[in-house]
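this is a predicted model, with the sequence first.
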Amino acid sequence: MSLVTDAPQDHQRDMRRRRTVVWIVAIATVGLIFDGYDLVVYGTVLSTFLRDPDEIGKVTATVGGVLGSYALIGVLVGALLAGSVGDFLGRRKVMLFAYAWFSIGMAVTAMTHTTTTFGVMRFLTGLGVGALVATTGALVAEYAPPGKKNLCNAITYSGVPLGSLIAAFLAILLLGSIGWRGMFLIGALPIVTLLPLAFVKMPESPAWLVSRGRIDEARAICERTGVPMPEAPPAPAAGARRERAGYAGLFSRVYLLPTLLLGLMSATGLVLVYSLNTWLPELMRQAGFNAKGSLSFLLVLNGGAVIGALAGSRVADRLGPKRVVAGCFLIGALSIAVLTVNLPLGVLLAFVAVVGLGTSGTQTLIYGFVANYYRTNVRGAGVSWCAGFGRLGGVVGPVLGGFMVDSGLALSSIFYVLSGLAVLGVVLTLVVPRPRGPREVATTPVEPTQARPSAAPRRPPAPRAGVAEAGL
């Protein structure tokens, strides 16, 4: 009798869970598409600012690099604040607020007329972008099924290079007709599209609710979504120290060294990402390509990042993300160095796509690595640290590019500098230690099932998946 009654319930629960995961990953991905759009839209209009002082005032290469960094300083601050707030107020509230904040910021930026107001609004917009990037990885990691956590995170964070690709594509098609202001207004669309949808379809994380002692709320969400109910963490033994949450746990003795290494690793990756996405069109124009041709390199760069990150995530779920991230950094170093060679256009574009895998694609895999490295009650802070401290690299990237361009450094020398940074990323990744302690609380079905003596016993999960998810 139990086989007849329980099987349909299990099937319905599995269907609800699949729908929930699809909705969460889809909404999170679209949110990060707009993050990626914000990343590259400035790079697509920078050449306009450099050549036309009537837009926002006189912009030199150095000023252009500084303006590009203002948004990234905002991202850094927003991400670090979101890490603390998200681990105490919840993932959902922070994400909804971030959608509204950066949408309004993009719209107001489109109305500015001076470099000062443009820079201020880029900083304020970055606060919302940072909060979103920092919180998204934690929510997706806590809903993703075992054995697919790196894949779900890769799909989600592939939204960043996909948004960058869309920004480059729309700039090729529309920049001449709608101008830079129209390009920024496109970035404000989430407030009337994504925000209402997320408000209805995106639930809070049950794992986070359980970690805060809100068991009844977690159980209600699990029943509605089909997600297994996380078990409450065991009460600490008498005299034992309570595990610290948020940044306090992140910088505890257990996590201090890996936290510093993961932050430096992310910063190194983002130096590469923001240097290339801000300055590649201008570098290609100096190499002799016209405006639309130089934007095509940006399109190919981010297309390679999307494809490479998705392919790499499948390998990461089997082998663990650490080796895959190190390998992708190495691929990035070699492919950037190859750009110094005089190659036919088709071959050059192919290597630019590989550079996309080794830079933006690698950064996507880093977020998956970090999201599954930490335990639940510090995961939000861990992802925020990766996104926030890593943005120091994002701040440095445009400034470094502007300095190298302004100093008259040869194009080949610029690419060699970036290649050396990718080698540094390989080293930092390889020295990250194995994670210590559990990263996931155990889960149980929402409704206990009756014994099934006639049914074949379920095989225990393969231990390899746990190793891979832990980032070993």
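Sure thing, it's come through.

next helix or strand past the longest helix along the chain?
The single longest helix within the chain, with elements called by DSSP state H, is helix 2-51. Of the helices and strands lying after helix 2-51 in sequence (DSSP states H and E), the nearest is helix 61-89.

and the average pLDDT for that following helix is what?
Helix 61-89 comes out with an average pLDDT of 80.

distance between the helix or strand just after it and the chain's centre?
Downstream of helix 61-89, the next assigned helix or strand under DSSP H and E is helix 91-109. When distances are taken as CA atoms, centre = their mean, to the nearest Å, helix 91-109 is centred 16 Å away from the chain's centroid.

got the buried residues for helix 91-109?
91-92, 94-99, 101-109 (16 or more other CB atoms under 10 Å). Glycine gets a C-beta too; all of them are placed from N, C-alpha and C.

how about stretch 137-145?
G137, A138, L139, V140, A141, E142, Y143, A144.

and the longest helix of the chain, average pLDDT?
81.

okay, the angle between it and helix 61-89?
For helix 2-51 against helix 61-89, the angle by axes from the mean of the first three to the mean of the last three CA atoms, to 10 degrees is 150 degrees.

give me the subset of the buried residues of stretch 137-145 lying in helices.
Those of those lying in helices (DSSP H): G137, A138, L139, V140, A141, E142, Y143.

possible to save those as CSV with distance to Q9 and pLDDT?
Shown next, in CSV, are these (distance: CB to CB, whole Å; pLDDT from 0 to 100):
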residue, distance to Q9, pLDDT
G137, 32, 77
A138, 30, 77
L139, 26, 85
V140, 26, 86
A141, 27, 79
E142, 24, 80
Y143, 21, 86
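
return the member of those nearest to G304.
G137 (21.9 Å; CB to CB).

got the contact list for the closest one?
N153, T156, Y157, Y367, G368, V370, A371, V383, C386, A387 (CB atoms under 8 Å, 6 or more residues apart in numbering).

going by distance to G401, which of those wins?
Using CB to CB, the contacts of G137 come closest to G401 at A387, 20.9 Å.

could you dump the ones in helices among the buried residues of stretch 137-145 to JSON lines with distance to K58?
Below are these laid out as JSON lines (distance: CB to CB, whole Å):
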{"residue": "G137", "distance to K58": "39"}
{"residue": "A138", "distance to K58": "42"}
{"residue": "L139", "distance to K58": "43"}
{"residue": "V140", "distance to K58": "43"}
{"residue": "A141", "distance to K58": "45"}
{"residue": "E142", "distance to K58": "48"}
{"residue": "Y143", "distance to K58": "49"}
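
closest to S211 among those?
Looking across these and measuring by CB to CB, the closest to S211 is E142, at 9.7 Å.

need the contact list for the closest one.
The contact partners of E142, by CB under 8 Å, 6+ apart, come to R91, S205, P206, A207, W208, T376, R379.

of those residues, which belong to helices?
R91, P206, A207, W208, T376, R379.

how about the nearest residue to the first one, chain neighbours excluded?
Okay, so that is R91. L139 (4.1 Å; CB to CB, 6 or more residues apart in numbering).

which SS class is T112?
coil (DSSP: H, G, I helix; E, B strand; the rest coil).

wait, isn't it in contact with L124?
No - assessed by CB atoms under 8 Å, T112 is found out of contact with L124, at 11.2 Å.

between the ones in helices among the buried residues of stretch 137-145, which sits nearest R17?
Nearest to R17 among those: Y143, at 8.7 Å, using CB to CB.

enumerate every residue touching the closest one.
Y143 is in contact with T20, V21, I24, V25, C152, S205, V227, counting by CB under 8 Å, 6+ apart.

out of these, which is most surrounded?
Within these, most neighbours by other CB atoms under 10 Å means S205, with 27 neighbours.

that residue against A138, yeah?
Yes - checked against CB under 8 Å, the pair S205 and A138 is within contact range at 7.4 Å.

mutual contacts of the two, please.
Common contacts of S205 and A138, defined by CB under 8 Å, 6+ apart, comprise R91.

helix or strand for L132, which one?
Per DSSP H and E: helix 115-143 holds L132.

and the angle from the helix or strand following that helix to helix 2-51?
Per DSSP H and E, the first helix or strand lying C-terminal to helix 115-143 is helix 149-157. Angle of helix 149-157 versus helix 2-51, following the same axes, to 10 degrees, is 40 degrees.

ok, back up a step: would you list the contacts of E142 in a markdown table and tack on distance to G425?
Below are the contacts of E142 laid out as a markdown table (distance: CB to CB, whole Å):
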| residue | distance to G425 |
| --- | --- |
| R91 | 28 |
| S205 | 30 |
| P206 | 35 |
| A207 | 30 |
| W208 | 31 |
| T376 | 28 |
| R379 | 23 |
